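> quick one: sequence plus predicted model below, questions after.
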Amino acid sequence: MRLPGTMTGTIMKGNHKLFKSICQRTVSFRCLSSNEKPKMPPCDFIPEEYKGIPYEDILNIRKTKLSALLTYYKKPILAHQGHMQWLFDHEGKRYLDLFGGIVTVSVGHCHPKVIEAAKRQIDRLWHTTNIYLHSPIHEYVEKLTSRMPGKLKVAYLVNSGSEANDVAMFMARQYTGNFDIISLRSGYHGANPYSLGMTAHSAYKPGVANGFGCHTTMCPDVFRGIWGGSHCRDSPVQTIRTCSCSPGSCDAKDKYIEQLKETLDTSAAKKLAAFIAEPMMGVGGAIQYPKNFLKEAYEIIRGKGGVCIADEVQTGFGRTGSHYWGFQTHDVMPDIVTMAKGIGNGFPMAAIITTEEIARSFTQAVYFNTFGGNPMASSVGSAVLDAIEEDGLQNNCAVVGTHLLLELAKLREKFEIVGDVRGKGLMVGVEMVKDKKTLQPLPAEEMSLIWEECKDNGVLLGKGGLYSNVFRVKPPMCITKEDADFAVAVLERALIKHKETISR
């Protein structure tokens, strides 16, 4: 099967009935005014009655006993129960979860196959040190590495994406004997003291020493960056900026590559340890690079003695639709791959996968992780891999994601403040601006008006981007076209209401 638009590549065979039902749904929710409320798609799941701590008491505990924890919305949601793409609060209100616990719920909240695996393992063995042999970890790494291309066959199991990127940093430095690491501005790679050096968002910088030897180069953003236009990225929806690229070439890619070379000439040592990049930025706001940027960047880094790290924490496991791993969409082969979030559908686990040669160099000192790959994590991770394949979720990301992107693009044509719609599969960003001429970010208070309105009408969105002006749409990979249409209708209603409010 070949998908519409620019989406091409191998589509994973999945559940035929699921795929057929997705393709046949053509329900369209279109709002004519802010008074018309879109109808939420049906769900036959009935949540249990909430009998926990009273809401006001939870707010007080949050304020006084949980340090520095961010909350979303003026009235924070008290999540009580989840079912696939749906979340239910303590009052029983249902929400379409389009943020998936920050791109973490991959196969669906409380997926029955994952629940079954966790229950089966919890009755057998919760935890033992990995110094002893236990079957789940060996079954899991065999299954996980079988999904990796080339020589990427050796796994290290840890607990979070930040930790995975920390290990990848050490691994690269140990293997190459070099120190300097290059990342992209606006990229996010964790908030641990070492991985924070590769993260290029001031909001996450505490103002104390961290991540020595890390340097950043210009973010190759073809919408907001200096260069780029309407032919530059691998997405069903291109930016509306006029493209200066001549046929068969990408001027934007060449310009951003020159910036990388300048960074290497001025900020880094002659020999490098590594270059790290997300195949598509997550926290940065679903930023996509010009075609072939990563491919050329990898060649340059390797010419400087460095290895290439693909941060697949948000893009992996079929989310981009056309491929299982985000780096495959760029036709590159990294030396180290880090992954987390969707790997466990919410269970705290992560992994680093590399080549045997690099892994061997990492044995010069003992590296041990107490909880990484414990029996529970391994069993859950294995069930997630099975669910992705059996439910046809990579297919679903391609089909529903393309549909969602094309429908959101209609809002860009209709509203001046919708500056850009971008992404691939179910990794989507909607960048909001004051106007399309200046591209000035939409002010935070206006973003919040739209965001809160969407929540009040049953749709949960994330926010991101360097200026927090990008709505992040990264739902559980099981959402349907009907869900996508509902979400677009809710966002359209919120945009109309915003327009009416601002014009008063």
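That came through fine.

> buried residues in the strand or helix carrying residue 495?
Using DSSP states H and E, residue 495 sits in helix 481-502. The neighbour-count check on helix 481-502 (16 or more other C-beta atoms under 10 Å) flags 481-498 as buried. C-betas here are computed from N, CA, C, even on glycine.

> ok, stretch 226-238 next?
227, 228, 229, 231, 232, 233, 234, 235, 236, 237, 238.

> once you drop chain neighbours, what's closest to the third one?
Taking C-beta to C-beta, 6 or more residues apart in numbering, and ignoring the residues beside it in sequence, residue 229 has residue 243 as its nearest neighbour in space, at 2.7 Å.

> can you tell me the helix or strand for the one you found?
Assigned by DSSP H and E, residue 243 belongs to neither a helix nor a strand.

> again with residue 387
Using DSSP H and E, residue 387 falls in helix 375-390.

> what of residue 410?
Residue 410 belongs to helix 393-414 when assigned by DSSP H and E.

> can you tell me what sits against the next helix or strand after that helix?
Next helix or strand after helix 393-414 toward the C-terminus (DSSP H and E): strand 418-424. For strand 418-424, the surrounding residues in contact (C-beta atoms under 8 Å, 6 or more residues apart in numbering) are 7, 223-224, 233-237, 239-240, 280, 286-288, 320-322, 329, 401, 405, 408-409, 411-412, 428-433, 436, 439, 473, 495.

> tell me what angle the helix holding residue 495 forms with strand 418-424.
160 degrees (axes from the mean of the first three to the mean of the last three C-alpha atoms, to 10 degrees).

> just the angle between helix 481-502 and helix 393-414, please?
Orientation of helix 481-502 against helix 393-414 (the same axes, to 10 degrees) gives an angle of 30 degrees.

> which helices and strands sit right next to helix 481-502?
Counting contacts by 3 or more C-beta pairs under 8 Å, 6 or more residues apart in numbering; DSSP states H and E, helix 481-502 is packed against strand 94-97, helix 393-414, helix 444-456, strand 459-460.

> in its sheet, what does the shortest one sit against?
For strand 459-460, the paired strands and their directions (DSSP bridges) are strand 94-97 (parallel).

> quick one: buried residues of whichever helix or strand comes after the partner strand?
Sequence order places helix 100-103 as the next helix or strand after strand 94-97, per DSSP H and E. Across helix 100-103, burial judged by 16+ other C-beta under 10 Å covers 100, 101, 103.

> one more: stretch 413-425?
Neighbour-count burial for stretch 413-425 flags 415, 417, 418, 419, 420, 421, 422, 423, 424, 425 (criterion: 16+ other C-beta under 10 Å).

> same question for stretch 354-362.
354, 355, 358, 359, 361, 362.

> can you list contacts of that stretch?
Identification of contacts with stretch 354-362 by C-beta under 8 Å, 6+ apart yields 151-154, 156, 170-172, 174-175, 307, 335-337.

> would JSON lines of the helices and strands packed on helix 481-502 with mean pLDDT and distance to residue 312 be doable?
Below are the helices and strands packed on helix 481-502 laid out as JSON lines (pLDDT from 0 to 100; distance: least, C-beta to C-beta, whole Å):
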{"stretch": "strand 94-97", "mean pLDDT": "98", "distance to residue 312": "22"}
{"stretch": "helix 393-414", "mean pLDDT": "98", "distance to residue 312": "14"}
{"stretch": "helix 444-456", "mean pLDDT": "97", "distance to residue 312": "27"}
{"stretch": "strand 459-460", "mean pLDDT": "98", "distance to residue 312": "24"}
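
> could you identify which of these is most buried?
Between the helices and strands packed on helix 481-502, strand 459-460 has the highest mean count of neighbours, a mean of 24, where neighbours are mean count of other C-beta atoms under 10 Å.

> what packs against the next helix or strand after it?
Once the chain leaves strand 459-460, the next helix or strand it forms, by DSSP H and E, is strand 462-464. For strand 462-464, the packing partners by 3+ C-beta pairs under 8 Å, 6+ apart come out as strand 470-473.

> quick revisit: just the buried residues of stretch 226-238 now: which is nearest residue 445?
In terms of C-beta to C-beta, no member of those lies closer to residue 445 than residue 237, at 27.4 Å.

> just give the nearest non-adjacent residue to residue 106, would you?
Closest to residue 106 by C-beta to C-beta, 6+ apart is residue 342, at 3.3 Å.

> could you do residue 307 as well?
Distances taken as C-beta to C-beta, 6+ apart place residue 335 nearest to residue 307, at 3.9 Å, with adjacent residues excluded.

> check contacts around the one you found.
172, 307, 308, 309, 354, 355, 358.

> want to try CSV for those residues, with secondary structure and pLDDT as columns?
What follows is the contacts of residue 335, written out as CSV (DSSP: H, G, I helix; E, B strand; the rest coil; pLDDT from 0 to 100):
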residue, secondary structure, pLDDT
172, helix, 98
307, strand, 98
308, strand, 98
309, strand, 98
354, strand, 98
355, coil, 98
358, helix, 97
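
> re the thing from before, I'd like the average pLDDT over the helix holding residue 387.
Regarding helix 375-390, the rounded mean pLDDT is 98.

> mind giving me the packing neighbours of that helix?
Helix 375-390 sits against helix 112-122, helix 135-145, with contacts defined as 3+ C-beta pairs under 8 Å, 6+ apart.

> put together a markdown table for those, with mean pLDDT and mean neighbour count on each row.
Shown next, in a markdown table, are the helices and strands packed on helix 375-390 (pLDDT from 0 to 100; neighbours: other C-beta atoms under 10 Å):
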| stretch | mean pLDDT | mean neighbour count |
| --- | --- | --- |
| helix 112-122 | 97 | 16 |
| helix 135-145 | 97 | 17 |
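
> and those: which comes nearest residue 90?
Of all those, it is helix 112-122 that lies closest to residue 90, at 21.4 Å by C-beta to C-beta.

> tell me which residues are up against the closest one.
Contacts for helix 112-122 (C-beta under 8 Å, 6+ apart): 107, 136, 345, 347, 375-376, 379-380, 382-384, 386-387, 390.

> out of those, which are buried?
If we count by 16+ other C-beta under 10 Å, the contacts of helix 112-122 have these buried: 107, 136, 345, 347, 375, 376, 379, 380, 382, 383, 384, 387.

> right, and the pair among those residues with maximum separation?
It's 107 and 375 that sit farthest apart of the buried ones among the contacts of helix 112-122, by C-beta to C-beta, at 20.0 Å.

> check contacts around the most centrally placed residue in the chain.
Centroid-nearest residue in the chain, with C-alpha atoms, centre = their mean: residue 314, separated by 3.0 Å. Listed by C-beta under 8 Å, 6+ apart, the contact set of residue 314 reads 103, 278, 280, 282, 341, 342, 427, 474.
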